[in-house]
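Student: Turn this into a structure:
(chains A and B)
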Amino acid sequence: MTESDETCWTMVLAAARGDAPARQAFALLYMDIVRAYLGSRWRGRPLQRRTEDAVQDVFFECFRQGGALDRLERDGDATFRTFLYSIVKNVARRFEERRGEGVATTALGEEAGLLPAMGPTPSVAFDQAWARSMVARARERQRREAEAAGPTSLRRIELLDLRLGEDLPIREIAARWQEDAAVLHAEYRQARADFQRALRTEVSFQGVRGEAAIEKECLRLLSLLGGAA
Amino acid sequence: MSESTPSEPEDAWTMAMARAWKEAPPPSPAPVDANERGRYSLHEEIARGGIGVIRRGHDRHLGRDVAIKMLRAEHASDPSLVARFLDEAQLTGQLQHPGVVPIYEMGVAGQDEPWFAMKLVQGQTLAALLKARPDPKADRFRFLEIFEQICQTLAYAHNRGVIHRDLKPANVMVGTFGEVQVVDWGFAKVLGESPSETAEPPSDRQRIATLRSSSGSSTSLTGSVLGTPSYMPPEQARGDVAEIDARSDVFALGAILCEILTGAPPYAETSARANLALATEGNLDRAFARLDAAEVDPPLQTLARHCLSTAREARPAHAGDVAAAMRAHFAQTEERQRAAELSAAEAKVRELSARRARRLTVLVAILTVALLLGGGAWWLLDRLARERTRRERATELWNQLAEARELVGGGSFEGATKLLTQVRREVELSASDERLAASLKDIERSLGRAQILATEAGLKAAREAGFVRSVEELLTRGGDDLDAEDVAYQTAFRDLGVEVDHATPSVVAEFIDRLPTGPRAAAIAALDAWLVVRRNRHSLRPGPREGAPPRESGRGAEPPEPRRRPDRPDFLHLVAVVGAVDADPWRDRLRNAILDEDYAALRALATDPDSHRASPRALCLLATSLARIDERTLARTVLEAGVARHPGDVWIHHLLATLHAGDLRDGPGGLRLRRYDPSGLARGIEHALTAVALAPKSILLRKHAALLLCLAGRGEEAHRTVSELALTTDDLGLKIAMARASLAANQPSRARTELGMVDGAETEGRLSFGVVLVDEHFDRLPITERLEILEGWCVQDPSELWQLHWARALCDRGRFAEALPVLRSLQTTPWRGADTNRYLAECLLELGHYEEALGTIGPPTDPAPPDVQRVAADAWLLRRVRDAGDAGKPPRDLRERIAWARVLLHRGKARESSDEFRALLTLPEFSRAARPTPREVERGRPRGPGPTAHFAAACALAQAFVDPAVPAEEKSRIAAALRFVMELAAEEPPPSAGPRSGRLRTDLLEAWFDDQRLDPLRDPVTSPDLGGEEKRRLAEAWERLRQAQLRGP
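Tutor: Predicted coordinates:
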């Protein structure tokens, strides 16, 4: 199976079958997202100390036989994000019930324990972490592809980093590199297109189907970052 | 993002990318703990190079600071850089020379993040020292000495077949004690067998080997340029790898010498590219011109030129040759100085002999010459004066050295260093007294040794103090997470320097035995507590823990079944450790009683005559254990007896305070009390304040005392207890305690200011602010203040939580129309729930939407909290009365009449409503306060209709008062009724029945000024008809309310 044929489900199913590299890749990809959700939900509460245990539980829940994954295969059409979100939420609730901590008590005095809502809400934290992970993976993918393509492509990534990461205008980069600004503008355009392609691939990997849906999801992910959410 | 050109429009994608870019860097390749490498914990970054980062590390086993060099994450995937990095570690590790930083250990984090630990050199780079010189002549001798040591180090490396390839002042560290070390061997290379690579190949015995050199591969490819252009020989600048050998380092040595002599390296252009171009050409014209212009000894000039030869064959073949040349230079200089001194001495002797022989003649001659040539006499006298000054100066220097020696002995290192620096400067300037120089060097060495010893002692003391603090915190924390507590004890001991779980009991015992008394006592107490934690961790049934709900005690209560001791190895090991560390028989009995849950034995120990010799810590352990089995009285007795024997023990007092007033629990909003006992508060405060007096720097004790003082209403005293420390430390809990104290002292604005200081800590500060706001104090704030605070918070942080509080406060203020949309929007969030619904329903009720209110809150028969049921009943009543009224059925009783008046008010029929309320005011059962005093209740006086009814009456009357259709004579009657209602409200007893009653009172008081519906009455422009007398009486009623409020309970 080529990479383009793969979706995250391929990886998740392989991980569920016990494939160690797939499990490691899965953990790398989603661990921070799960942690962000739980951290936000339990911030300021005693349960915060159990975050790592809960992260483990989420992964266990994803892979265990007869668990959420089996049920999901019957449903079929959910995106992985929805699947993961529902598992994290259930695991969090289970931990809370086990400790006798309610989820959203609204009596005035009890809200002290729910002050995490002062930061991003757990769902926003989850979405932001998800977006961060997807964009970061897209950047990594773009870099890998550029490394394979050669120095010109790598230079484009450097250009993108200087332009977007360091906020340097193209004309200043051109002066630094002693290059023609018009040429760099063209390369910058190409670099953006490379990144967009990489991000679309990542989004498609997560099970989003259809050009319009992928485009919409890409823009949504980007808008969740950089304080634009 | 500022640039936008016509050819480059910023589309939606680009703008979104620009915002997101910095927040989502590409993932690092391996998930490793960012702050751990092997047995080292990582701290701040010290330096950063092309491929590596150096951070300060701490060796937990040996308790020393080290430098940890790591490959930068972005290079981890580059095999050539990884190999180069590993080479550096191996190569540096094999160079055993005082001029090379020793390597302690190397390892790999995660899958492919290599690192190595090396000695942490405290000092500055040669580059920094050179830069700090006022001019190139300053301290030249010292820098030449440093240069000679660099040459020695390089000579050693060259002898072992290693060339550095990136030698420059920035890669030379000069330590605090003058030690010189060449660092960053990242570009170093082991020379191969090829004759072209080295002029003098080293013998095999001396050869350095690395993985790369032994595999025969080389990461330096022909054509690649490594190093720093300003110090680079032409062959290296050209990337001609085959040509690079020891002579390339010699060029770099020449470049450093050039910088020492002239103040700049050979190639000193502003850009690296320009320097590289000059280096490639070997264009040294400017450097040589600078050397010629510098006032330096010709041999040094020659040596620098020789090293900087463009043709490598023309340079010295080896750094050893340069070192030899430097030694020769020093010897020559010394020789010259000695010769000068000798000739000066000879001249002096000759002159003195002549003076003795021809004393009279000379005297006459001098007089004659003085008369004739006054200038000559002046010269001679001046000469003599100079000689005397020199001798005096030498004596002074010897005195200074003696003083410095005394300062070193007394531990005053700073003073000693200052004195020695002065002496060194003088010695270098005169360079004449060898004995003085030798003595100076000797004292400098003593100073170095003494400083190292003092630093080690200081570190040890700091570790021990940190351990005592950690133990105190652990002993008072008592959380529910036993795993975390177990790890915390492990960590505390590891930080102290002993791995309790991995060392044998005798090793641990020996270690703890060597500790000073305080840390030793803390260690024993910690081991005892840890034993209990570990036992509970492994037990099937959670044991009785401090702070847990008390079991039934006394007669009839079933004693719980004792648990078996766990047979887990880690528990048994800890038992053995504790036995080895502390073999006291009484404490052994105590431990066994605790571990076996032998409650009878515990009680027996409490009355055991031997307990009089128990240590305070052991008594605390016994008392804590007794408290856990709910023998709090017995525990107090043990400690009261203990306090008589150990009146100065902090922890006995602290524990007594908790046993009297309640157990301490820590939470996000600071300390709280469990099992609070108001009857023991006074005694608790006494002991808590004594503990503070005994340990005034303890944050925990101050927070504890402040908490108890707040509970006793002694807010200002509580504030004094914590404020000083809160202002000088970063402890968030302490700052919260200070703000709480201000609130308890009825100083809300001060509390806000104090929390504002915390606000700098962004989220955490806001969190604590929120915690204080939503706890009981916030409810006691006047509604105006609450609204003001919440309005600000909603603007700063539009989260749902603050929206909810804001909406509630709006309702409390009567601004229902504003609150309604906010409460409706919350219905789609996790904040929907019974309490939010109640507020929404109240809002709907007051706006006359009874059906919707009932739909929101459900019928009054549903099981719901009393507040919800009350609102539901109210909605139901209002709807029923409205329907009945519309059907022409009059209200049947007082309740229905009030409801009908409210319906009229909700319908905007203020005049009719006020008529109804005025009629009601004639009834005695309406015209009495809502909450009768206890004595009135005893006398059988029924409660009034409540502030809600009075409030509604006031609103209706006020609205009718401003109705232009109402005739003037009726207005005066309405104003009288309004005044009467206000006076009724003022009759409410002070808010002694709890915060709710106080709050209602406050609300009514505030509403008189702030409720929008009363605006027309307050506004003198729209209420010109209000008579002077009514105004006065209204004002009086308000004042009475205000005074009652100020008096408080």
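
Student: Assign a three-state SS to residue B:888, would you?
Tutor: Secondary structure, DSSP: H, G, I helix; E, B strand; the rest coil: residue B:888 is coil.

Student: cool, the one 3 residues further on as well?
Tutor: Secondary structure for residue B:891, judged by three-state DSSP, is coil.

Student: measure it to chain A for me?
Tutor: 34 Å (C-beta to the nearest C-beta, to the nearest Å). Backbone N, C-alpha and C define where each C-beta goes, glycine included.

Student: How many residues are close by that residue?
Tutor: Counted with other C-beta atoms under 10 Å in any protein chain shown, residues neighbouring residue B:891 total 17.

Student: Could you pull up phi and psi at it?
Tutor: phi -60, psi 150 (degrees, to the nearest 10).

Student: the helices in chain A, which residues?
Tutor: A:8-16, A:20-42, A:51-63, A:68-75, A:80-99, A:122-149, A:151-160, A:170-177, A:181-205, A:211-224 (DSSP state H).

Student: in the fifth one, what counts as buried?
Tutor: Yep, that's helix A:80-99 we're talking about. A:80, A:81, A:83, A:84, A:85, A:87, A:88, A:89, A:91, A:92, A:95, A:96 (16 or more other C-beta atoms under 10 Å in any protein chain shown).

Student: name the helices or strands packed onto it?
Tutor: Contacts defined by 3 or more C-beta pairs under 8 Å, 6 or more residues apart in numbering or on different chains; DSSP states H and E place helix A:80-99 against helix A:8-16, helix A:20-42, helix A:51-63, helix A:68-75, helix A:122-149.

Student: And the last one, by the same measure?
Tutor: With contacts defined as 3+ C-beta pairs under 8 Å, 6+ apart, helix A:211-224 has these neighbours: helix A:122-149, helix A:181-205, helix B:12-21.

Student: among the ones you listed, which is nearest residue B:293?
Tutor: Nearest to residue B:293 among the helices and strands packed on helix A:211-224 is helix A:181-205; the distance by C-beta to C-beta comes to 43.2 Å.

Student: ok, the closest one near chain B or not?
Tutor: Yes: applying C-beta under 8 Å from any C-beta of the partner chain, one finds helix A:181-205 touching chain B at A:182, A:185, A:188, A:189, A:192, A:195, A:196.

Student: hmm, back to that, least reliable of the helices of chain A going by mean pLDDT?
Tutor: Confidence, taken as mean pLDDT, is least for helix A:68-75 of the helices of chain A (a mean of 59).

Student: Would you mind giving the domain segments of the chain?
Tutor: As the question left the chain open, I've gone with chain A. Per the record, chain A has its domains at A:3-119, A:128-224, by automatic domain parsing.

Student: wrong one, I was asking about chain B
Tutor: B:37-120, B:124-337, B:478-552+B:559-645, B:907-1049.

Student: Output those domains in JSON lines; the columns should cover mean pLDDT.
Tutor: As requested, the domains of chain B are exported to JSON lines (pLDDT from 0 to 100):
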{"stretch": "domain B:37-120", "mean pLDDT": "77"}
{"stretch": "domain B:124-337", "mean pLDDT": "78"}
{"stretch": "domain B:478-552+B:559-645", "mean pLDDT": "79"}
{"stretch": "domain B:907-1049", "mean pLDDT": "67"}
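
Student: now the helices of chain A in a markdown table, with distance to residue B:228?
Tutor: Converted to a markdown table, the helices of chain A look like this (distance: least, C-beta to C-beta, whole Å):
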| stretch | distance to residue B:228 |
| --- | --- |
| helix A:8-16 | 46 |
| helix A:20-42 | 38 |
| helix A:51-63 | 45 |
| helix A:68-75 | 56 |
| helix A:80-99 | 49 |
| helix A:122-149 | 27 |
| helix A:151-160 | 22 |
| helix A:170-177 | 20 |
| helix A:181-205 | 29 |
| helix A:211-224 | 41 |
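
Student: Please identify which of the ones you listed is closest to residue B:256.
Tutor: Nearest of these (C-beta to C-beta): helix A:170-177, 30.1 Å.

Student: Buried residues in that closest one, which are they?
Tutor: Under the neighbour-count criterion of 16+ other C-beta under 10 Å, helix A:170-177 has A:170, A:173, A:174 buried.

Student: Would you agree the last one is in contact with residue A:184?
Tutor: Yes: at 4.9 Å, residue A:174 counts as touching residue A:184 under the criterion of C-beta atoms under 8 Å.
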